[in-house]
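Trainee: Here is a sequence together with a model predicted from it:
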Amino acid sequence: MNLAFDLLLIAALLWSAGRALTTPDLFRAVVLFIVFGLLMALAWARLDAPDIALAEAAIGAGLTGALLLDALGHLRGPVRRKSGLIAPSTVMSSEGAGPPAFPTYFLNGLAIVLAVALGLALAGALLLLPEPAISLPREVAAAMDASGVAHPVTAVLLNFRGYDTLLEVAVLWLALLGVLAVAGGRAPGRAPVTPRSARASLKVPRLLARVLAPLALLVAGYLLWAGAHQPGGAFQAGAVLAAAAVLLNLAGLLPGGATPRWVLRAGLGFGLLVFLAVAAAVMGQGVLLQYPPAWAGALIMLIETGLTLSIGLTLAGLFLALSGASRQ
Amino acid sequence: MSGLDWLSAIFLLVGAAFFLAGTVGLLRFPDVYTRLHALAKADNLGLGCIVIGLLFQADSLAAALKLVLVWLLALAASATVSFLVAHRAWRRGIAPWRADEPGIRRHDES
Amino acid sequence: MSAGLLYALAGAALFAFGVAGLILRSHPLRKILAFNVMGSGAFLVLVGLGQRDGTADPVPQAMVLTGIVVSIAATALALALARRQREHGNDKEERDA
Amino acid sequence: MTMDLSALNQLLAVFLLANLVLALWRVTRGPTPADRLLAALLFGTTGVALLLLLAHAGGGMALVDVALVFALLAAITGTAFSLRAWRREEDDERP
């Protein structure tokens, strides 16, 4: 029965990804990709990886769809010319392809052949790989007592490989800086433009956002607390927080914009700064981010709280910066 | 299996039947409004039945309350999105399908 | 064959899909989708291969968890760049398509 | 929980996944963008039920949390679609 589930799910994954890349319609491609992301969350659930399933569900349901659908409005259809002439866009989206010339056919065929060869080589490598000499799960289980938490994935993220996570949060922060730099230079904190016809229908999502945003805060707090002993933690909690901000923005209750106020900027850096401060404070141990065992639990909780705030603000900022900019 | 287990199994099976009905509706109904109806009503009823079925299997009161919360959230989401999509479709001038008019998608109901 | 290995093989196929899509499709949004499919394939290989003997492995799971968050950030950055390119009236993509 | 119920949960999870995959046919079929999006909304109901069943079929109670996140955020994609993506400027000028 498990095998039937896995095969069906894998078939659906391959189909949705393949169609998302081949279908001529951009909107259909985006919807298929959203479906693909949500199917991935089910795959993680089946792969005994509830932590990843939580993150993928929060990002797939709360961020990817909103980000791509919002971008679609700006990226589809014919390019706007300086003259203001816009070709009629009766279709939702199209890439408008004419019949390609012969060399294109040849090169496309070559690319497909190479991709198939790559896939087969990867699959072969996976099947031929020898058994690993070191069992990582056993190593992790042996060191769990000294980690300060009871959930192995959190122990790996914030203790055994804490430096990876530190750098990763910095990368996330850099991505937001990039988005702000690219989307910036527009009116600060402008409320999203709401066309007249949409105003009446906004009442319902507004009510929903007012109910769900506090609940999302609660769920994020729960996931943060849960991370110490069961699946959950800063990344999942941050993603849920960001999704709440996305919903508030969609309902017109939270302005978008590419120039965050200083309080927000402080919040964006807070998690990284707390992480760095803890890293500097425990430098005396001789190894990067090696916590004193007695303090490990408390320090990890402190870092995770800061990270939840920063990851939530950063992910929300990625959407808000793009959402507030250039509605016209 | 005990009495409670049987009750749980019955609710789960009824829930699955509603999901099947919702899927059939989504595939067979003639326009976007009726398909929304199938999705929002049958599937949420199915989810409700599955939640009730699983309540009999819950280990604790907290676990049971969480299941009920999941159902309520799904209901709120479905209601909102169904309204928004139907409202938008209506605004864009998509006419509801009628049985007495030879609609362009009439062949779909056979 | 364990479920882990099965999903790892699916990941290899997804990675190949993504590479093909990245090369063959010209629209920037499509390239972003293809890049994400590649990423998901790599994540499935990492986690699936790590638990081909059937036991959950927290190390690749933690890596992939951070990887997912980074990939959504990269996606947002790519979307911002694509929009900027489009707003500045670069109609090269039309000729390419 | 007895063995029989766990097996039933698992069986129904496969059944719901089959339902989900069948409904995905709507994504390719359309015809309107709303029809395509409906299939994505299925994850708010069928996907949630599927995860709850998997959790009670030996998948671990953490999957209930995944279902909770799915249900909590299920409205976002549909809202973004109807308020942001599915609009043309000329439609919005009508009273």
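Mentor: Great, that's in hand.

Trainee: per-residue confidence for residue 28?
Mentor: As the question left the chain open, I've gone with chain A. At residue A:28, the predicted lDDT confidence score is 87.

Trainee: Can you look at chain C instead?
Mentor: pLDDT at residue C:28 comes out at 87.

Trainee: so who does it touch?
Mentor: A:75, C:78, C:81-82, C:85-86, C:93 (Cβ atoms under 8 Å, 6 or more residues apart in numbering or on different chains). For every residue, glycine as well, the C-beta is placed using N, CA and C.

Trainee: Just give me the neighbour total for residue A:164.
Mentor: 16 (other Cβ atoms under 10 Å in any protein chain shown).

Trainee: whoops, residue B:81 was the one
Mentor: Count around residue B:81 with other Cβ under 10 Å applied: 29.

Trainee: show me what contacts it?
Mentor: Residue B:81 neighbours (Cβ under 8 Å, 6+ apart): D:41, D:44, D:74-75, D:78-79, D:82.

Trainee: average pLDDT for whichever helix or strand it is part of?
Mentor: Assigned by DSSP states H and E, residue B:81 belongs to helix B:61-91. Throughout helix B:61-91, pLDDT has a mean value of 89.

Trainee: list the buried ones in it?
Mentor: Buried residues in helix B:61-91, defined by neighbour count with 16 or more other Cβ atoms under 10 Å in any protein chain shown: B:63-64, B:66-67, B:69-71, B:73-78, B:80-89, B:91.

Trainee: The residue of chain B found nearest chain D: what's its closest spatial neighbour, skipping adjacent residues?
Mentor: Residue nearest to chain D within chain B (Cβ to the nearest Cβ): residue B:81, separated by 3.3 Å. Counting by Cβ to Cβ, 6 or more residues apart in numbering or on different chains, residue B:81 lies nearest to residue D:78, which is 3.3 Å off, once chain neighbours are set aside.

Trainee: quick one: the residue of chain B closest to chain D from residue C:72, how far?
Mentor: Note on residue B:81: its distance to residue C:72, by Cβ to Cβ, to the nearest Å, is 22 Å.

Trainee: okay, and for chain C, where does confidence drop off?
Mentor: For chain C, the stretches flagged by pLDDT under 70 are C:89-97.

Trainee: Which one of the residues in it is closest to chain B?
Mentor: For chain C, Cβ to the nearest Cβ, closest residue to chain B: residue C:72, 21.0 Å.

Trainee: Likewise for chain D?
Mentor: residue D:78 (3.3 Å).

Trainee: Just the element for that residue, please.
Mentor: Counting by DSSP H and E, residue D:78 is found in helix D:62-80.

Trainee: That helix packs against which elements?
Mentor: helix A:26-46, helix A:50-59, helix A:65-75, helix A:196-226, helix A:234-250, helix B:61-91, helix D:33-42, helix D:48-54 (3 or more Cβ pairs under 8 Å, 6 or more residues apart in numbering or on different chains; DSSP states H and E).

Trainee: Could you dump those into CSV with distance to residue A:284 added?
Mentor: Listed next are these as CSV, based on distance: least, Cβ to Cβ, whole Å:
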stretch, distance to residue A:284
helix A:26-46, 38
helix A:50-59, 31
helix A:65-75, 43
helix A:196-226, 28
helix A:234-250, 25
helix B:61-91, 42
helix D:33-42, 52
helix D:48-54, 45
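
Trainee: so which of those helices is the most packed in?
Mentor: helix A:50-59 (a mean of 31; mean count of other Cβ atoms under 10 Å in any protein chain shown).

Trainee: quick check, it touching chain B?
Mentor: No: against chain B, helix A:50-59 shows no contacts by Cβ under 8 Å from any Cβ of the partner chain, the least distance being 12.3 Å.

Trainee: looking at the helices and strands packed on helix D:62-80, which is closest to residue A:123?
Mentor: helix A:26-46 (17.2 Å; Cβ to Cβ).

Trainee: anything in that closest one near chain B?
Mentor: No: contact of helix A:26-46 with chain B is not found when judged by Cβ under 8 Å from any Cβ; the minimum separation is 12.8 Å.

Trainee: coming back round to it: distance of the residue nearest to residue B:81 from residue A:47?
Mentor: Residue D:78 is 28 Å from residue A:47, by Cβ to Cβ.

Trainee: Comparing those two, which residue is more hemmed in?
Mentor: residue D:78 (28 against 24).

Trainee: Test my guess that that one contacts residue B:84.
Mentor: Yes: using Cβ atoms under 8 Å, residue D:78 makes contact with residue B:84 at a distance of 6.3 Å.

Trainee: re the thing from before, ok, the residue of chain B closest to chain D to residue C:27 distance?
Mentor: The value you get for residue B:81 to residue C:27, if Cβ to Cβ is used, is 28 Å.

Trainee: now swap in residue C:67 and tell me
Mentor: From residue C:67 over to residue C:27 (counting by Cβ to Cβ), the distance is 25 Å.

Trainee: For these two, work out which one has more neighbours and name it.
Mentor: Higher neighbour count among residue C:67 and residue C:27: residue C:27, with 22 against 19, using other Cβ under 10 Å.

Trainee: which element is residue B:58 on?
Mentor: Residue B:58 belongs to no helix or strand, assigned by DSSP H and E.

Trainee: Contacts only, for it.
Mentor: So residue B:58 contacts B:64, B:67 (Cβ under 8 Å, 6+ apart).

Trainee: Briefly note if the lengthiest helix in chain C comes near chain D.
Mentor: If you go by DSSP state H, chain C has its longest helix at helix C:58-87. No: applying Cβ under 8 Å from any Cβ, one finds helix C:58-87 out of contact with chain D, separated by at least 12.2 Å.

Trainee: how much does that helix deviate in direction from helix A:50-59?
Mentor: Calculated by axes from the mean of the first three to the mean of the last three Cα atoms, to 10 degrees, helix C:58-87 forms an angle of 20 degrees with helix A:50-59.
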